[in-house]
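**Student:** sequence? don't have it. structure:
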Ligand SMILES: C[S@@+](CC[C@H](N)C(=O)[O-])C[C@H]1O[C@@H](n2cnc3c(N)ncnc32)[C@H](O)[C@@H]1O
(Lines give C-alpha, C1' and ligand atoms only; values in the text may rest on other atoms or scores of the structure.)
Protein backbone atom coordinates (compact mmCIF):
# COMPACT_ATOMS: atom_id res chain seq x y z
CA UNK A 1 0.00 0.00 0.00
CA UNK A 2 1.24 3.50 -0.83
CA UNK A 3 2.03 6.01 1.94
CA UNK A 4 -0.48 8.76 2.78
CA UNK A 5 -0.24 12.24 1.26
CA UNK A 6 0.72 13.71 4.62
CA UNK A 7 3.54 11.21 5.20
CA UNK A 8 4.69 11.75 1.63
CA UNK A 9 5.11 15.53 2.06
CA UNK A 10 6.88 15.01 5.39
CA UNK A 11 9.37 12.61 3.74
CA UNK A 12 9.99 14.93 0.79
CA UNK A 13 10.62 17.88 3.11
CA UNK A 14 12.91 15.75 5.27
CA UNK A 15 14.88 14.79 2.15
CA UNK A 16 15.32 18.44 1.06
CA UNK A 17 16.40 19.32 4.59
CA UNK A 18 18.95 16.50 4.84
CA UNK A 19 20.27 16.64 1.29
CA UNK A 20 20.29 20.42 0.76
CA UNK A 21 19.73 22.02 4.18
CA UNK A 22 16.55 23.61 2.85
CA UNK A 23 13.82 24.07 5.44
CA UNK A 24 10.35 24.34 3.97
CA UNK A 25 8.52 24.20 7.29
CA UNK A 26 7.89 27.96 7.17
CA UNK A 27 6.18 27.68 3.76
CA UNK A 28 2.42 27.40 3.19
CA UNK A 29 1.88 23.65 3.17
CA UNK A 30 -0.74 23.88 0.39
CA UNK A 31 1.92 25.51 -1.85
CA UNK A 32 4.52 22.86 -0.98
CA UNK A 33 1.97 20.09 -1.66
CA UNK A 34 0.93 21.58 -5.02
CA UNK A 35 4.57 21.91 -6.11
CA UNK A 36 5.48 18.37 -5.10
CA UNK A 37 2.40 16.97 -6.86
CA UNK A 38 3.36 18.86 -10.02
CA UNK A 39 6.74 17.07 -10.04
CA UNK A 40 5.15 13.74 -9.09
CA UNK A 41 2.94 14.03 -12.18
CA UNK A 42 5.81 14.94 -14.52
CA UNK A 43 8.43 12.57 -13.14
CA UNK A 44 6.88 9.33 -14.37
CA UNK A 45 6.79 7.87 -10.84
CA UNK A 46 3.68 5.76 -10.30
CA UNK A 47 2.95 6.63 -6.67
CA UNK A 48 4.26 8.49 -3.60
CA UNK A 49 6.75 5.78 -2.63
CA UNK A 50 8.06 5.60 -6.21
CA UNK A 51 8.60 9.34 -6.29
CA UNK A 52 10.42 9.27 -2.95
CA UNK A 53 12.78 6.56 -4.25
CA UNK A 54 13.45 8.62 -7.37
CA UNK A 55 14.06 11.78 -5.36
CA UNK A 56 16.54 10.12 -3.03
CA UNK A 57 18.59 8.73 -5.89
CA UNK A 58 18.42 11.57 -8.37
CA UNK A 59 20.17 14.92 -7.93
CA UNK A 60 18.41 15.98 -11.11
CA UNK A 61 14.94 15.36 -9.67
CA UNK A 62 15.88 17.23 -6.49
CA UNK A 63 16.90 20.19 -8.69
CA UNK A 64 13.66 19.94 -10.69
CA UNK A 65 11.63 19.96 -7.48
CA UNK A 66 13.53 23.00 -6.17
CA UNK A 67 12.78 24.61 -9.54
CA UNK A 68 8.99 24.23 -9.18
CA UNK A 69 9.22 25.45 -5.60
CA UNK A 70 10.46 28.67 -7.29
CA UNK A 71 13.69 28.56 -5.38
CA UNK A 72 15.54 29.78 -8.50
CA UNK A 73 13.38 32.90 -8.88
CA UNK A 74 15.49 35.97 -9.63
CA UNK A 75 15.60 39.09 -11.80
CA UNK A 76 17.95 41.89 -12.88
CA UNK A 77 18.24 44.66 -10.25
CA UNK A 78 16.02 42.73 -7.84
CA UNK A 79 15.28 45.50 -5.30
CA UNK A 80 16.62 48.44 -7.28
CA UNK A 81 17.30 50.50 -4.13
CA UNK A 82 19.58 47.79 -2.77
CA UNK A 83 21.80 47.92 -5.86
CA UNK A 84 21.87 51.72 -5.73
CA UNK A 85 23.09 51.36 -2.13
CA UNK A 86 25.60 48.71 -3.24
CA UNK A 87 26.99 50.98 -5.98
CA UNK A 88 27.30 54.01 -3.73
CA UNK A 89 28.51 52.39 -0.55
CA UNK A 90 30.43 49.36 -1.71
CA UNK A 91 31.55 49.76 -5.32
CA UNK A 92 32.48 53.43 -5.17
CA UNK A 93 35.06 53.07 -2.35
CA UNK A 94 36.30 49.71 -3.66
CA UNK A 95 36.84 50.99 -7.21
CA UNK A 96 38.61 54.11 -5.88
CA UNK A 97 40.91 51.90 -3.77
CA UNK A 98 41.70 49.52 -6.66
CA UNK A 99 42.43 52.42 -9.01
CA UNK A 100 44.88 53.95 -6.57
CA UNK A 101 46.43 50.81 -5.08
CA UNK A 102 46.00 48.33 -7.95
CA UNK A 103 44.82 44.72 -7.65
CA UNK A 104 41.77 42.87 -8.91
CA UNK A 105 38.28 43.87 -7.70
CA UNK A 106 36.93 40.49 -6.56
CA UNK A 107 33.20 40.00 -6.00
CA UNK A 108 31.26 36.80 -5.26
CA UNK A 109 27.59 36.51 -6.20
CA UNK A 110 26.70 33.51 -3.99
CA UNK A 111 23.47 31.67 -4.87
CA UNK A 112 23.20 33.55 -8.16
CA UNK A 113 20.46 31.34 -9.69
CA UNK A 114 20.35 31.97 -13.48
CA UNK A 115 22.88 34.82 -13.41
CA UNK A 116 20.76 37.98 -13.42
CA UNK A 117 22.20 39.07 -10.05
CA UNK A 118 25.79 38.49 -11.20
CA UNK A 119 25.33 40.47 -14.43
CA UNK A 120 23.56 43.19 -12.41
CA UNK A 121 26.73 43.51 -10.31
CA UNK A 122 28.85 43.64 -13.50
CA UNK A 123 26.56 46.38 -14.90
CA UNK A 124 26.83 48.34 -11.61
CA UNK A 125 30.65 48.16 -11.81
CA UNK A 126 30.64 49.26 -15.46
CA UNK A 127 28.24 52.13 -14.69
CA UNK A 128 30.43 53.29 -11.79
CA UNK A 129 33.48 53.28 -14.07
CA UNK A 130 31.47 55.28 -16.66
CA UNK A 131 30.51 57.76 -13.92
CA UNK A 132 34.21 58.31 -13.32
CA UNK A 133 34.70 59.16 -16.99
CA UNK A 134 35.51 55.62 -18.13
CA UNK A 135 39.19 56.36 -18.56
CA UNK A 136 40.61 54.00 -15.91
CA UNK A 137 39.06 50.61 -15.29
CA UNK A 138 40.05 48.29 -12.47
CA UNK A 139 40.60 44.63 -13.32
CA UNK A 140 37.37 42.93 -12.30
CA UNK A 141 36.66 39.30 -11.34
CA UNK A 142 33.03 38.50 -10.53
CA UNK A 143 32.27 34.92 -9.55
CA UNK A 144 28.67 33.68 -9.76
CA UNK A 145 27.94 30.37 -8.04
CA UNK A 146 24.84 28.28 -7.48
CA UNK A 147 23.99 24.77 -6.41
CA UNK A 148 21.79 24.18 -9.43
CA UNK A 149 23.81 23.09 -12.47
CA UNK A 150 20.85 23.90 -14.70
CA UNK A 151 20.72 27.47 -13.37
CA UNK A 152 24.50 27.85 -13.80
CA UNK A 153 24.33 26.60 -17.41
CA UNK A 154 21.70 29.25 -18.18
CA UNK A 155 23.81 31.92 -16.43
CA UNK A 156 26.84 30.93 -18.55
CA UNK A 157 24.80 31.23 -21.75
CA UNK A 158 24.12 34.90 -20.94
CA UNK A 159 20.89 34.63 -22.95
CA UNK A 160 17.61 35.98 -21.62
CA UNK A 161 14.10 36.32 -23.02
CA UNK A 162 12.41 39.73 -23.14
CA UNK A 163 10.35 38.74 -20.06
CA UNK A 164 13.54 37.80 -18.20
CA UNK A 165 15.09 41.20 -18.86
CA UNK A 166 12.46 42.69 -16.53
CA UNK A 167 14.21 45.04 -14.15
CA UNK A 168 16.49 46.53 -16.83
CA UNK A 169 15.81 50.01 -18.21
CA UNK A 170 15.71 50.39 -22.02
CA UNK A 171 19.01 52.25 -21.74
CA UNK A 172 20.80 49.44 -19.88
CA UNK A 173 19.22 46.79 -22.11
CA UNK A 174 20.46 48.54 -25.25
CA UNK A 175 23.90 49.19 -23.82
CA UNK A 176 24.73 45.82 -22.24
CA UNK A 177 22.75 43.34 -24.39
CA UNK A 178 22.63 42.37 -28.04
CA UNK A 179 19.43 41.13 -29.62
CA UNK A 180 19.78 37.53 -30.88
CA UNK A 181 16.48 36.55 -32.53
CA UNK A 182 13.90 36.96 -29.77
CA UNK A 183 16.55 36.67 -27.02
CA UNK A 184 18.93 39.20 -25.49
CA UNK A 185 22.59 38.27 -25.03
CA UNK A 186 24.94 39.91 -22.52
CA UNK A 187 27.66 41.76 -24.47
CA UNK A 188 31.17 40.34 -24.49
CA UNK A 189 32.96 43.20 -22.64
CA UNK A 190 30.62 42.66 -19.67
CA UNK A 191 31.03 38.87 -19.73
CA UNK A 192 34.82 39.09 -19.79
CA UNK A 193 35.15 39.60 -16.05
CA UNK A 194 32.35 37.19 -15.06
CA UNK A 195 32.65 33.45 -14.32
CA UNK A 196 30.03 30.94 -13.22
CA UNK A 197 30.53 27.66 -11.35
CA UNK A 198 28.42 25.15 -9.44
CA UNK A 199 29.12 25.43 -5.74
CA UNK A 200 27.30 24.37 -2.58
CA UNK A 201 27.27 27.04 0.11
CA UNK A 202 27.09 24.34 2.76
CA UNK A 203 30.63 23.30 1.81
CA UNK A 204 33.80 25.35 2.45
CA UNK A 205 34.11 28.11 -0.16
CA UNK A 206 36.51 27.58 -3.07
CA UNK A 207 37.38 31.31 -3.26
CA UNK A 208 38.97 33.54 -0.64
CA UNK A 209 39.80 37.24 -0.09
CA UNK A 210 36.73 38.64 -1.84
CA UNK A 211 36.32 42.40 -1.60
CA UNK A 212 32.55 41.97 -1.57
CA UNK A 213 30.03 39.13 -1.39
CA UNK A 214 26.43 39.45 -2.51
CA UNK A 215 24.31 36.64 -1.09
CA UNK A 216 20.67 37.63 -1.46
CA UNK A 217 17.50 35.64 -0.95
CA UNK A 218 19.38 32.42 -0.31
CA UNK A 219 19.60 32.32 3.49
CA UNK A 220 15.80 32.43 3.78
CA UNK A 221 15.62 28.81 2.64
CA UNK A 222 18.04 27.47 5.24
CA UNK A 223 17.33 26.05 8.66
CA UNK A 224 18.96 27.91 11.57
CA UNK A 225 21.79 25.37 11.74
CA UNK A 226 22.55 25.62 8.02
CA UNK A 227 22.26 29.40 8.18
CA UNK A 228 25.12 29.41 10.71
CA UNK A 229 27.22 27.13 8.49
CA UNK A 230 26.72 29.38 5.45
CA UNK A 231 27.45 32.52 7.51
CA UNK A 232 30.75 30.99 8.59
CA UNK A 233 31.64 30.19 4.96
CA UNK A 234 30.82 33.72 3.78
CA UNK A 235 32.88 35.11 6.66
CA UNK A 236 35.89 32.95 5.68
CA UNK A 237 35.65 33.94 2.02
CA UNK A 238 35.60 37.68 2.71
CA UNK A 239 38.79 39.66 3.28
CA UNK A 240 39.04 41.91 6.33
CA UNK A 241 37.27 45.17 5.53
CA UNK A 242 35.26 43.41 2.77
CA UNK A 243 31.52 43.99 2.30
CA UNK A 244 28.60 41.58 2.51
CA UNK A 245 25.15 42.30 1.10
CA UNK A 246 22.20 40.10 2.06
CA UNK A 247 18.56 40.18 0.89
CA UNK A 248 16.21 42.85 2.26
CA UNK A 249 14.48 40.46 4.66
CA UNK A 250 17.60 38.59 5.77
CA UNK A 251 19.73 38.97 8.87
CA UNK A 252 23.04 37.45 9.81
CA UNK A 253 22.99 34.85 12.56
CA UNK A 254 25.67 32.72 14.16
CA UNK A 255 28.97 33.58 15.81
CA UNK A 256 30.60 35.66 13.00
CA UNK A 257 27.81 38.27 13.08
CA UNK A 258 29.68 40.20 15.79
CA UNK A 259 32.63 40.51 13.41
CA UNK A 260 30.62 42.75 11.06
CA UNK A 261 29.70 46.44 11.26
CA UNK A 262 26.41 47.56 9.76
CA UNK A 263 26.98 49.95 6.83
CA UNK A 264 23.38 50.23 5.60
CA UNK A 265 20.68 48.48 7.59
CA UNK A 266 17.87 48.97 5.07
CA UNK A 267 19.88 47.44 2.23
CA UNK A 268 21.49 44.87 4.52
CA UNK A 269 25.05 45.93 3.74
CA UNK A 270 27.62 44.85 6.33
CA UNK A 271 31.39 45.22 6.55
CA UNK A 272 33.80 42.68 8.00
CA UNK A 273 35.88 44.29 10.75
C1 LIG B 1 15.69 32.78 -4.81
S2 LIG B 1 17.19 32.39 -5.59
C3 LIG B 1 18.05 33.89 -5.32
C4 LIG B 1 18.81 34.32 -6.54
C5 LIG B 1 19.50 35.68 -6.40
N6 LIG B 1 20.49 35.66 -5.37
C7 LIG B 1 18.50 36.79 -6.19
O8 LIG B 1 18.40 37.31 -5.09
O9 LIG B 1 17.78 37.09 -7.13
C10 LIG B 1 18.01 31.29 -4.45
C11 LIG B 1 19.13 30.49 -5.06
O12 LIG B 1 19.87 29.84 -4.01
C13 LIG B 1 20.35 28.62 -4.53
N14 LIG B 1 20.70 27.72 -3.45
C15 LIG B 1 19.89 27.06 -2.59
N16 LIG B 1 20.61 26.30 -1.76
C17 LIG B 1 21.92 26.48 -2.10
C18 LIG B 1 23.15 25.95 -1.62
N19 LIG B 1 23.18 25.08 -0.61
N20 LIG B 1 24.29 26.35 -2.22
C21 LIG B 1 24.27 27.22 -3.25
N22 LIG B 1 23.14 27.76 -3.75
C23 LIG B 1 21.99 27.39 -3.19
C24 LIG B 1 19.17 28.11 -5.36
O25 LIG B 1 19.58 27.13 -6.31
C26 LIG B 1 18.66 29.40 -6.00
O27 LIG B 1 19.19 29.57 -7.27
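**Tutor:** Yes, it's here. In this text, all values refer to a predicted model and were calculated from it rather than measured experimentally.

**Student:** so residue 195 versus residue 96, what's the distance?
**Tutor:** Counting by Cβ to Cβ, to the nearest Å, the separation of residue 195 from residue 96 is 24 Å. For the C-beta atoms, the positions are set from N, CA and C on the backbone; glycine is no exception.

**Student:** ugh, wrong one, I meant residue 250
**Tutor:** 28 Å.

**Student:** just want to know which of these two has more residues nearby.
**Tutor:** Higher neighbour count among residue 250 and residue 96: residue 250, with 16 against 13, using other Cβ atoms under 10 Å.

**Student:** burial of the residue nearest to that one when sequence neighbours are not counted, as a residue count?
**Tutor:** Excluding its sequence neighbours, the residue lying closest to residue 250 (Cβ to Cβ, 6 or more residues apart in numbering) is residue 219, at 4.8 Å. When neighbours are counted by other Cβ under 10 Å, residue 219 registers 22.

**Student:** contact residues of this protein facing the ligand?
**Tutor:** Within the chain, the positions near the ligand by Cβ under 6 Å from any ligand atom are 20-21, 71-74, 78, 111-113, 117, 146-148, 151, 200-202, 216-218, 221, 247.

**Student:** which parts of the chain are helices?
**Tutor:** For the chain, the helices defined by DSSP state H cover 5-20, 29-43, 48-57, 59-68, 80-86, 92-101, 116-131, 149-157, 170-176, 188-191, 224-237.

**Student:** measure the nearest residue to residue 51 once chain neighbours are set aside to the ligand for me?
**Tutor:** The shortest distance from residue 51 to any non-neighbouring residue, by Cβ to Cβ, 6+ apart, is to residue 45 (3.8 Å). According to Cβ to the nearest ligand atom, to the nearest Å, residue 45 and the ligand sit 23 Å apart.

**Student:** contacts only, for residue 45.
**Tutor:** 51, 53-54 (Cβ atoms under 8 Å, 6 or more residues apart in numbering).

**Student:** what is the nearest of these to the ligand?
**Tutor:** Closest approach between the contacts of residue 45 and the ligand, by Cβ to the nearest ligand atom: residue 54, at 19.6 Å.

**Student:** so how many other residues sit close to the residue nearest to residue 267 when sequence neighbours are not counted?
**Tutor:** Using Cβ to Cβ, 6+ apart and skipping the chain neighbours, the partner closest in space to residue 267 is residue 85 (3.7 Å). Neighbourhood size, residue 85 [other Cβ under 10 Å]: 18.

**Student:** Provide a list of residues in contact with residue 85.
**Tutor:** Residue 85 neighbours (Cβ under 8 Å, 6+ apart): 264, 266-267, 269.

**Student:** what of residue 191?
**Tutor:** By Cβ under 8 Å, 6+ apart, the neighbours of residue 191 are 122, 158.

**Student:** going forward can the numbers begin at 2, since that is how I track them
**Tutor:** Sure, I'll start counting at 2 from here, so that last one is residue 192.

**Student:** gap between it and residue 178?
**Tutor:** Taking Cβ to Cβ as the measure, residue 192 and residue 178 are separated by 11 Å.

**Student:** equivalent analysis for residue 202, please.
**Tutor:** Taken as Cβ to Cβ, the span from residue 202 to residue 178 is 29 Å.

**Student:** residue 168 too?
**Tutor:** 12 Å.

**Student:** between those two, which one's more packed in?
**Tutor:** Neighbours per residue, other Cβ under 10 Å: of residue 168 and residue 178, the larger number sits with residue 178, 21 against 17.

**Student:** wait, that one sits on residue 184?
**Tutor:** No: judged on Cβ atoms under 8 Å, residue 178 makes no contact with residue 184 at a distance of 9.2 Å.

**Student:** any stretches of this structure with poor pLDDT?
**Tutor:** The model of the chain has pLDDT under 70 over residues 27-29, 71.

**Student:** and residue 196, what are its bridge partners?
**Tutor:** residue 144 (DSSP bridges).
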